[in-house]
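Chemist: below is the structure, and that's it, no one-letter string:
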């Protein structure tokens, strides 16, 4: 079975990679040939003046820590709602890439997939 914390670690690594390149001012290599940097530098790359990679890192770190306490019912429910919020935000950002920016970022898509897996694992925690 896939562990919630392992998936959160993949999300953290993805966010750290994006953040590291942003901080040092280096362009990100985009393995799919898409225009990752255009997406990551767009006006949609932050909310409330906080970069999305920072928000992602906070989310994944929170999920990782909560993973130690999933034997508590309220932690399971909290994880579910947090993951639903992250999945909703990721879905919005994928919509923006497709319809507004007309460019894709493979790291952003990877993050959305990670968020989907975290949500599914959170559903399993609560209902199974």
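Modeler: Received it, and whenever you're ready, just let me know what you need. Please read these numbers as outputs of a predicted model, since none were measured by experiment.
Chemist: tell me the helices and strands packed up against the top helix by length along the chain.
Modeler: Longest helix of the chain, by residue count under DSSP state H: helix 73-96. Here helix 73-96 touches helix 52-66, helix 106-127, going by 3 or more CB pairs under 8 Å, 6 or more residues apart in numbering; DSSP states H and E. The way it works is simple: take the backbone N, C-alpha and C, and place the C-beta from them, glycine included.
Chemist: by how many degrees do the first one and helix 73-96 diverge?
Modeler: Per axes from the mean of the first three to the mean of the last three CA atoms, to 10 degrees, the angle that helix 52-66 makes with helix 73-96 is 160 degrees.
Chemist: now do helix 52-66: everything it contacts.
Modeler: Residues outside helix 52-66 that contact it (CB atoms under 8 Å, 6 or more residues apart in numbering): 4-5, 8-9, 11-12, 14-16, 18-19, 22, 45-47, 75, 78-79, 82-83, 86, 93, 111, 114, 118.
Chemist: so what's the residue most central in space within the chain up against?
Modeler: With distances taken as CA atoms, centre = their mean, residue 111 lies nearest the centre of the chain, 4.0 Å away. Applying CB under 8 Å, 6+ apart, one finds that residue 111 lies in contact with 11, 14-15, 56, 90.
Chemist: pLDDT weak spots in this protein?
Modeler: 1 (pLDDT under 70).
Chemist: my guess is residue 76 contacts residue 122. True?
Modeler: Yes: counting by CB atoms under 8 Å, residue 122 is a contact partner of residue 76 at 7.4 Å.
Chemist: picking up where we left off before, export the helices and strands packed on helix 73-96 to CSV and tack on distance to residue 97?
Modeler: Putting those into CSV (distance: least, CB to CB, whole Å) gives the following:
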stretch, distance to residue 97
helix 52-66, 12
helix 106-127, 7
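Chemist: looking at those, which is closest to residue 29?
Modeler: Closest approach to residue 29 among these is made by helix 106-127 (9.7 Å; CB to CB).
Chemist: that closest one versus helix 73-96: what angle between them?
Modeler: 150 degrees.
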